[in-house]
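> Dropping the sequence and predicted coords here.
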Amino acid sequence: MKNIILADNQDISNAGWHYLLQSTVEKVEIQEVTEKKELIPLLINCPNSLVILDYTLFDFESVNELLILQVRFAETDWILFSEELSDEFLRTLLYNTQSFSVLMKDSSRDEIHTAIK
């Protein structure tokens, strides 16, 4: 069973992810969090999860904090799903790790399915 953590504060995004995940992934358990303090205990209990994160709406202070979490939970896969991410943020993230996939909210269904797989 694949454990997926939705880290997003928008109900409509969460509903969309539930729909896409349940139609794409077999045997999936989806958990939702709205704050970093909820995310960390889930990652401790299920370190091989897929985290779908809207970085701009979550309570991370910097990209470095996100990179530290990725190092701490190296078995975790990450999809950053956002309306807008700065070039500086993307450069910092993508030059320091390959554990993140990045999707913009205007991505096509095919791009989303590819990122999930």
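In hand now; what should we look at? Residues are numbered from 1 along each chain as shown.

> can you give me the end-to-end distance of stretch 104-117?
Across its full length, stretch 104-117 reaches 17 Å end to end, with Cα to Cα, to the nearest Å as the criterion.

> And for stretch 52-72?
One end of stretch 52-72 to the other measures 17 Å (Cα to Cα).

> got the buried residues for it?
Buried residues in stretch 52-72, counting neighbours by 16 or more other Cβ atoms under 10 Å, are found at 52, 53, 54, 55, 58, 60, 63, 66, 67, 69, 70. In short, each C-beta sits where N, CA and C put it, glycine included.

> Make CSV from those and add distance to residue 11 to it.
Written out in CSV, the entries for these read as follows (distance: Cβ to Cβ, whole Å):
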residue, distance to residue 11
52, 14
53, 16
54, 12
55, 18
58, 15
60, 20
63, 26
66, 23
67, 28
69, 24
70, 27
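
> Which strand or helix spans the closest residue to residue 109 other than its chain neighbours?
On the basis of Cβ to Cβ, 6 or more residues apart in numbering, the spatially nearest residue to residue 109 that is not a chain neighbour turns out to be residue 20, at 7.5 Å. Here residue 20 is covered by helix 11-24, with elements defined by DSSP states H and E.

> residues in contact with that helix?
Applying Cβ atoms under 8 Å, 6 or more residues apart in numbering, the external contacts of helix 11-24 come out as 4, 6, 8, 28, 30, 32, 52, 54, 81, 105, 109, 112-113, 116-117.

> Looking at the buried residues of stretch 52-72, which is nearest residue 86?
Compare each of these with residue 86 using Cβ to Cβ and the shortest gap goes to residue 63, at 9.3 Å.

> so who does the closest one touch?
Applying Cβ under 8 Å, 6+ apart, one finds that residue 63 lies in contact with 89, 92, 93.
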